[in-house]
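Chemist: Here is the input, now give the coordinates:
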Amino acid sequence: MTTRNPNIDETNEIRIGRFADIRVDVAATDTSGQRFIVELQLARQEAFYERAIFNSSFAVQQQVRRGSLSYDFPPVYFIGIMDFSIHKDSDEVLYRYALRRKEDGELMSDRLQYIFLELPNCARAFTEEASELDDFCFSIRNMETFEERPASAQKSELLSCLFDSAEIANFTAEERTKYINDMTTKRDIINQIAYAKKEGLAEGEAKVTAEKMAIARNLKSRGMGIAEIAEITSLSIETVESL
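Modeler: Below is the predicted model:
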């Protein structure tokens, strides 16, 4: 697990994943085309590793276009977050696997990699011996028991990101709406207007104007300049001033 990847931006594809006839918890693609499959498992099941191989194979196959003669596809990472230990009596939470030569460990290919986090192994969490990953895994496993953020979490970008995400997930409907409004970018606004125009073709220009005015009112409340709001929304300066 890593902190915010500079290669990942608002164009990311992050969703509940579906490949052919199987489903995974989260599937994400960064701007370079690398694919990430994330599965969260509460209880150990039979042939867990084999299941990981099976699910990840669909992500590989979908990257090679039908009829293509090239197999130069971006890497696929399978990330398993497990609330059970395969390596019992271990204090290591992170286990990585790749395709390697049996005799000397020579890497055959880096295009399919597996990362497993065994959450119960984080016994060192929030001690002097703990790594950032120990604290991260402990926090995931015990998030609902925290009354406030641990002091050490304030110094870690990774933990701060985790606790921020947990707070967002716990928002009320009103708080979530406010958060989404605050996070709206200029590009989002332009896309909203384009969608309103498309809908307006079928439902009338009045709806388009109403959408524009709602957006303009929101921007004005944030302190954006009148002229810039008018340019973004295509409303007149007089109309924006009157809002």
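
Chemist: Check whether residue 168 really touches residue 176, as I assumed.
Modeler: Yes. With contact defined as CB atoms under 8 Å, residue 168 reaches residue 176; the gap is 7.4 Å. (C-beta placed from N, C-alpha, C; glycine too.)

Chemist: Can you check which strand is longest in the protein?
Modeler: strand 107-118 (DSSP state E).

Chemist: Buried residues in that strand, which are they?
Modeler: Across strand 107-118, burial judged by 16 or more other CB atoms under 10 Å covers 111, 112, 113, 114, 115, 116, 117, 118.

Chemist: cool, stretch 139-155 as well?
Modeler: Buried positions in stretch 139-155, judged by neighbour count with 16+ other CB under 10 Å: 139, 140, 141, 149, 150, 153.

Chemist: Most widely separated two among those?
Modeler: 141 and 149 (15.6 Å; CB to CB).

Chemist: so residue 215 is in which element?
Modeler: Here residue 215, judged by DSSP states H and E, is contained in helix 205-221.

Chemist: Neighbours of the residue lying closest to residue 123 once chain neighbours are set aside, how many?
Modeler: Distances taken as CB to CB, 6 or more residues apart in numbering place residue 91 nearest to residue 123, at 5.7 Å, with adjacent residues excluded. The number of residues packed near residue 91 is 12, by other CB atoms under 10 Å.

Chemist: Let's verify residue 91: helix, strand, or coil?
Modeler: Assigned by DSSP: H, G, I helix; E, B strand; the rest coil, the conformation of residue 91 is coil.

Chemist: next one: residue 163
Modeler: helix.

Chemist: Just give the number of residues close to it.
Modeler: Neighbours around residue 163, by other CB under 10 Å: 19.

Chemist: quick one: the residue nearest to it when sequence neighbours are not counted and residue 158, what's the gap?
Modeler: Spatial nearest neighbour of residue 163, excluding adjacent residues (CB to CB, 6+ apart): residue 149 at 5.2 Å. For residue 149, the distance to residue 158 equals 13 Å [CB to CB, to the nearest Å].

Chemist: now residue 79
Modeler: Using CB to CB, residue 79 is found at 14 Å from residue 158.

Chemist: Residue 164 now?
Modeler: Distance of residue 164 to residue 158, computed by CB to CB: 11 Å.

Chemist: So the two - more neighbours on which side?
Modeler: Taking neighbours as other CB under 10 Å, residue 164 and residue 158 compare with residue 158 leading, 17 against 11.

Chemist: Tell me where the model's unsure across the chain.
Modeler: 1-24, 43-46, 64-69, 177, 179-208, 210 (pLDDT under 70).

Chemist: Run through the strands of it in chain order.
Modeler: For the chain, applying DSSP E gives strands covering 13-19, 22-29, 35-41, 76-82, 94-100, 107-118.

Chemist: would you turn these into a markdown table with distance to residue 219?
Modeler: What follows is those, written out as a markdown table (distance: least, CB to CB, whole Å):
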| stretch | distance to residue 219 |
| --- | --- |
| strand 13-19 | 27 |
| strand 22-29 | 30 |
| strand 35-41 | 34 |
| strand 76-82 | 38 |
| strand 94-100 | 45 |
| strand 107-118 | 42 |
